[in-house]
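Engineer: Give the three-dimensional model of this entry:
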Amino acid sequence: MRRLLQHIIFVFLVLFILVPLLMPVIFSFSEFWQGILPQGFTLRWYEAIIRRPRNYSALMVSLTVAFGAVVLDALIAIPAAYALNRLDTRGGRWLRNVSMILPLIFPPVIVGTALVQAFSRPPLALTGSVFMVIVAHALIGFPFMFRNTLASFQTIDERTLSEAAASLGANLWQRLRYVIVPNVLPGVMVGALLVFAISIGEFEVTSMVAGFTAQTLPLQLFQQIRNDMRIASAISAFLVYVSVLTFLAMTFLGGKMYGDARDRR
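Structural biologist: Next up, the predicted model:
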């Protein structure tokens, strides 16, 4: 009886998670869906994302913003994680904890409001530009990039590696490029995948800082819900695919990072 109850709870949890995600995926391949089951099979709604200029432009903006946010976060998070990992004092440990937790407790709407107030007036009138959306997404994704990068630094003996490279004549830049970064690359990649997935699906802050020239896919999805639910389902399904692929890649890289850390021990 106990085992049966466990199976029932497990099935319920799986259905609770999968059914809402599968609905737009199924609808995105259907001609129409008015009864219990969908009718027909088509790829027309996916073609509409590519062929319609507005949808295609939103897709390109989303990809540009996501890659830009990943690059910006990597440029900041790797040196920050390196420095804080070296700061092995009580204050350094406190600063690491604050850096990993504090950005997560602020709702996105606060981030969006702050950006609108800070960058809506000359000479920093950047609100409405693609660059502003990249900055906003980088701010939201930074804690995830930083946490995973710092975790990678903590799984290696970074000081010994740096000292060995320095004894061979490598300067700081060479140590970072050829020694440190390759060893923490799995954590950086996990952080990059998280930032990418968050950016692709981000709506709340984007709706506050994006203008007419920086319409991303989630903003276009919101408009299509009112215009054509079938195209909206295809956009939703695409976002689901990105999330699933990100999860699989993170699982692979996380397992690799854990296995490498265990081998070093």
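
Engineer: quick one, helices of the protein?
Structural biologist: Ranges of helices in the chain, per DSSP state H, are 2-28, 44-51, 53-86, 90-101, 108-118, 130-154, 158-167, 172-175, 181-201, 204-209, 217-227, 229-264.

Engineer: Save these as JSON lines, and put in distance to L124, mean pLDDT and mean neighbour count too.
Structural biologist: For every residue, glycine as well, the C-beta is placed using N, CA and C. Listed next are the helices of the chain as JSON lines, based on distance: least, Cβ to Cβ, whole Å; pLDDT from 0 to 100; neighbours: other Cβ atoms under 10 Å:
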{"stretch": "helix 2-28", "distance to L124": "39", "mean pLDDT": "80", "mean neighbour count": "12"}
{"stretch": "helix 44-51", "distance to L124": "34", "mean pLDDT": "82", "mean neighbour count": "16"}
{"stretch": "helix 53-86", "distance to L124": "17", "mean pLDDT": "88", "mean neighbour count": "19"}
{"stretch": "helix 90-101", "distance to L124": "25", "mean pLDDT": "72", "mean neighbour count": "13"}
{"stretch": "helix 108-118", "distance to L124": "7", "mean pLDDT": "82", "mean neighbour count": "15"}
{"stretch": "helix 130-154", "distance to L124": "10", "mean pLDDT": "88", "mean neighbour count": "23"}
{"stretch": "helix 158-167", "distance to L124": "37", "mean pLDDT": "80", "mean neighbour count": "14"}
{"stretch": "helix 172-175", "distance to L124": "31", "mean pLDDT": "80", "mean neighbour count": "14"}
{"stretch": "helix 181-201", "distance to L124": "22", "mean pLDDT": "87", "mean neighbour count": "22"}
{"stretch": "helix 204-209", "distance to L124": "13", "mean pLDDT": "86", "mean neighbour count": "20"}
{"stretch": "helix 217-227", "distance to L124": "23", "mean pLDDT": "82", "mean neighbour count": "18"}
{"stretch": "helix 229-264", "distance to L124": "31", "mean pLDDT": "75", "mean neighbour count": "16"}
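
Engineer: These: which one's closest to P38?
Structural biologist: Closest to P38 of these is helix 2-28 (Cβ to Cβ; 5.8 Å).

Engineer: tell me, what residue is most central in the chain?
Structural biologist: Ranked by distance to the mean C-alpha position of the chain (Cα atoms, centre = their mean), the top residue is V195 at 2.4 Å.

Engineer: which residue packs closest to that residue, ignoring adjacent ones?
Structural biologist: Spatially, and ignoring its direct neighbours in sequence, V195 is nearest to G141 (3.4 Å; Cβ to Cβ, 6 or more residues apart in numbering).

Engineer: I figured the one you found was touching L193, is that so?
Structural biologist: No - the pair G141 / L193 is not scored as a contact, 10.4 Å apart, by Cβ atoms under 8 Å.
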